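In: turn this into a structure:
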Amino acid sequence: MFDDQPREAPTSEDVSLALRHCWQPVARIEDLKRGPQRAVLLGEALAVFLTESGKAAVVADRCAHRGASLSMGKVAGDSIQCPYHGWEWAGEDGACTRIPSLPDQSQIPPRARIPAFPVREQWGLVWTVLAEPVGEPPTLPWFDPEEWIWGHGPPFDLPVSFGIMIENFRDVAHLAFVHQATLGAMAETIEPLHPEREGLRVTMRREMRVGEGADEIWGSLRELHVYAIAPNFTSSLMPTVKGDRCLLHAARAISSTESAHYWISGFTEDYDEHSLEEAIEFEQRLYLEDRTIVSAVEPRELSLSPDAEVNTLADRFTLAYRLAFANYVESALSHHT
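Out: Residues are numbered from 1 along each chain as shown. Got it, this is the predicted structure:
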């Protein structure tokens, strides 16, 4: 269905190596205000925290002294303090800044250092990357956080790779079957889809009707603007007669077959039909329906081969996303190997 397929589909090992260069969300900033958090990224345990000055930091979640979990510790200035023996590690570069048992802090061993990782703060999320990054975290041409009313829904984990959920986000053929309770009766037949891909970005516009069960939230008619950025971000802009709504979704690879997901719901100031809490509650119901199905998908790792499964014309956006994902892998590996 697309003419510019990579010469060979990336392997699972290729994908894991490439994702080490991808910015991925590891925590919500609002959660870090309660203390350090643990996040696993591609099998590596990380401690994520806010320094006392409010700056986000990400370090390895293992004290170099006796291996305790630093995310169980507490913040000390610009460092995180180990809960075991009180050693303190700088969030900026991972250097040991204090060892309480030493009367002379100049005796801190020079090799006392743990890995520290780059940090970006965006949309209320902390993003990090394990190796030299490819670009920056995703941005949207139409979403200005200062102009939208928005908030986070509850994050969730899935026992499948994040690509499976990213695909589900805009798999239009599943709506009539998975979301009957929330969206009401919808047409099973899908009209021709026309996704457009430019590099890692995949976009699509679709006019769609939802059933009576969703009229109270969405209205009976809206146009859906899908905007995905491979490999781990997707979103939708939903213009309505009462203003615009949006849903943003970013994901993290816990491993090749496990993932963590963060999402944001929002609307423009002229949308006055429902509160932000009501919008988030409705989106959460949709996510719960999806999670039941997606959690049982096999295989649990997304194949980037266009021939791995049987596809039809209703899968055009899905295949465009897989192609963008495969191109990301090819580009990341060619620049960093």
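In: where's Val226 relative to Ser236, distance?
Out: The spacing between Val226 and Ser236, counted by Cβ to Cβ, to the nearest Å, is 5 Å. (Glycine included, C-beta is placed from N, CA and C.)
In: what about the two, which has more around it?
Out: In terms of neighbours (other Cβ atoms under 10 Å), Val226 is the more surrounded of Val226 and Ser236; the figures are 21 against 18.
In: mind listing what's buried in the helix or strand harbouring the more buried one?
Out: Per DSSP states H and E, Val226 falls inside strand 221-229. Using 16 or more other Cβ atoms under 10 Å as the test for burial, strand 221-229 gives 222, 225-229.
In: before we move on, back to that, joint contacts of Val226 and Ser236?
Out: Here Val226 and Ser236 have Arg170 as joint contacts, going by Cβ atoms under 8 Å, 6 or more residues apart in numbering.
In: so where do the strands sit in the stretch 1-150 of the chain?
Out: 24-28, 37-41, 44-50, 56-60, 74-76, 79-81, 88-90, 96-98, 116-117, 119-122, 125-128, 148-152 (DSSP state E, counting those that start in this stretch).
In: now do the SS call for the residue lying closest to Met238 once chain neighbours are set aside.
Out: Distances taken as Cβ to Cβ, 6 or more residues apart in numbering place Arg245 nearest to Met238, at 4.4 Å, with adjacent residues excluded. Under DSSP: H, G, I helix; E, B strand; the rest coil, the three-state class of Arg245 is strand.
In: does Arg245 touch Tyr271 like I think?
Out: Yes - using Cβ atoms under 8 Å, Arg245 is in contact with Tyr271, at 6.3 Å.
In: picking that back up, can you tell me which of the buried residues of strand 221-229 is nearest Val75?
Out: Ile229 (32.3 Å; Cβ to Cβ).
In: measure that closest one to Ser331 for me?
Out: 13 Å.
In: how does the chain divide into domains?
Out: With domains defined by automatic domain parsing, the chain comprises 29-128, 148-335.
In: ranking these by mean pLDDT, which is last?
Out: Comparing mean pLDDT across the domains of the chain, the weakest is domain 148-335, with a mean of 90.
In: to Leu17, which of the domains of the chain lies closest?
Out: domain 148-335 (6.4 Å).
In: will you turn the strands of the stretch 1-150 of the chain into TSV that also has mean neighbour count and distance to Ser259?
Out: Output for the strands of the stretch 1-150 of the chain, formatted as TSV (neighbours: other Cβ atoms under 10 Å; distance: least, Cβ to Cβ, whole Å):
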stretch	mean neighbour count	distance to Ser259
strand 24-28	25	10
strand 37-41	19	10
strand 44-50	22	15
strand 56-60	23	18
strand 74-76	16	28
strand 79-81	25	26
strand 88-90	24	28
strand 96-98	20	33
strand 116-117	20	19
strand 119-122	16	19
strand 125-128	24	15
strand 148-152	17	17
